[in-house]
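**Student:** Got a predicted structure plus its sequence, pasted below:
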Amino acid sequence: MKLLVVSDSHRETEHMLLALRRERPDAVIHLGDHADDADAIAREFPFLPLCRVRGNCDYFDDRTPEQALLRWEGVKLLAVHGHRYGVKGGLLRLQYAAREKEAQIALFGHTHCAYCEALDGLWLLNPGACGGFMPTYGIVEIQDGAVECCVKEVYTEEA
């Protein structure tokens, strides 16, 4: 199973769509700040499973939850934007929350800085900003309970 993870698209939906066409994921997770940008994904890929959470710029979006606890192929993921966990000041609160929920992956955005690391059985993945000058996105691959995560740039020579 391959998951495409995007965050902080800020109305620049073309970057998300390019990543989708390149990666051909099994599902997409949008981590907020213009979570309604995920509507562009739903329009172009109507049968693709799509999850979204609300970010700090999604002021009036009461249809989107602030966090989601997901399970894909037996692997539990915590998806948040990150502002409620103070991720700009550190990742400890997010790690505690993910471990408390027995998640193997914590997905977050908000900082606009890509980050991907496994710490004692917990993957922390920030896909960076899918909007902006150097857009990035995250990939989560799950196979037979094993997890691999990475961050990629939208505009690279691979295509």
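**Tutor:** Yes, it's here. Here the structure is a predicted model, which means the values were calculated and not measured.
**Student:** Can you tell me the number of residues neighbouring Leu48?
**Tutor:** Using other CB atoms under 10 Å, Leu48 has 15 other residues around it. Any C-beta I mention is one placed from the backbone N, CA and C, and that applies to glycine too.
**Student:** Surely it and His30 touch.
**Tutor:** No - using CB atoms under 8 Å, Leu48 and His30 do not qualify as a contacting pair, with a distance of 11.8 Å.
**Student:** shared neighbours of these two, anything?
**Tutor:** In terms of CB atoms under 8 Å, 6 or more residues apart in numbering, Leu48 and His30 are both contacted by the residues Ile41.
**Student:** ok, now how distant is Glu44 from Asp120?
**Tutor:** According to CB to CB, to the nearest Å, Glu44 and Asp120 sit 38 Å apart.
**Student:** Same drill for those two, tell me which one is more crowded.
**Tutor:** Here Glu44 and Asp120 are compared on neighbour count by other CB under 10 Å; more neighbours surround Glu44, at 13 against 6.
**Student:** in this structure, what secondary structure element scores lowest on mean pLDDT?
**Tutor:** Every helix and strand of the chain was ranked by mean pLDDT, DSSP states H and E. The lowest is helix 38-44, at a mean of 92.
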